[in-house]
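Peer 1: with the input below, show me the fold.
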Amino acid sequence: MRTSMGLISTLVLGTALSLPVTAAQAAPAAPASAAASSCHGLITKAYSLNGKAISASRAGSFKKAAKRNHATEGKIVNALAACRHARHRAEIRHALDAARNDIQGAEHHNKKAYVEHDRRYGRAALNDEYDAQRRLRDAAHYS
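Peer 2: The predicted structure is shown next:
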């Protein structure tokens, strides 16, 4: 019984290989869901990093918060590139651009709060981070 199964599978494989291979069979294109998954994953990662920046800002660790803001901005830039073919790309791009502007402001305020030992700049940074969080949530909704 075992040898006959081997013979049948060999015959099926042999006939499959004798057929010409089309371009669609040779290199299947990446599905659209993979691009959407990448887009949504990067937005979610940026949202997570922004949450860590908020936590650091609340604790008064402005230098750490500035580093998290910088990392968040990098993820937003990557998400902008990954979402360029998404279904709601205009809404996603608008939300990500606004979030990026807020994150840049937060990073600037966190650096000033760290250098000048002024908690008012830290509060301004926290407000910017909350605005970016809301906009990243909007972008994740559309992605």
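Peer 1: lowest-confidence helix or strand of the protein?
Peer 2: In the chain, no helix or strand scores lower on mean pLDDT, DSSP states H and E than helix 23-26, which sits at a mean of 51.
Peer 1: helix or strand next in line after that helix, which one?
Peer 2: Elements were assigned by DSSP states H and E; along the chain past helix 23-26, the next helix or strand is helix 32-59.
Peer 1: what are the buried residues along that following helix?
Peer 2: Along helix 32-59, these residues count as buried under the neighbour rule (16 or more other Cβ atoms under 10 Å): 36, 38-47, 49-50, 52-54, 56-57. Backbone N, C-alpha and C define where each C-beta goes, glycine included.
Peer 1: and that helix, what other elements does it pack with?
Peer 2: The contact analysis (3 or more Cβ pairs under 8 Å, 6 or more residues apart in numbering; DSSP states H and E) places helix 32-59 against helix 62-82, helix 89-116, helix 119-142.
Peer 1: any chance of those in TSV, with mean pLDDT and mean neighbour count too?
Peer 2: Formatted as TSV, these follow (pLDDT from 0 to 100; neighbours: other Cβ atoms under 10 Å):
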stretch	mean pLDDT	mean neighbour count
helix 62-82	95	21
helix 89-116	95	20
helix 119-142	94	20
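Peer 1: any idea how far stretch 68-88 is from the middle of the chain?
Peer 2: Here stretch 68-88 is found 5 Å from its chain centre; the criterion is Cα atoms, centre = their mean, to the nearest Å.
Peer 1: contacts for it next, please.
Peer 2: Applying Cβ atoms under 8 Å, 6 or more residues apart in numbering, the contact partners of stretch 68-88 are 32, 35-36, 38-39, 42-43, 45-46, 49-50, 52-53, 56, 89, 92-93, 96-97, 99-100, 103-104, 106-107, 110, 125, 129, 132, 136, 139, 142-143.
Peer 1: now do S33, the pLDDT please.
Peer 2: We have a pLDDT of 61 for S33.
Peer 1: if I look at the residue most central in space within the chain, how far off is K64?
Peer 2: In the chain, the C-alpha nearest the mean C-alpha coordinate belongs to L42, at 0.8 Å (Cα atoms, centre = their mean). Distance of L42 to K64, given as Cβ to Cβ, to the nearest Å: 22 Å.
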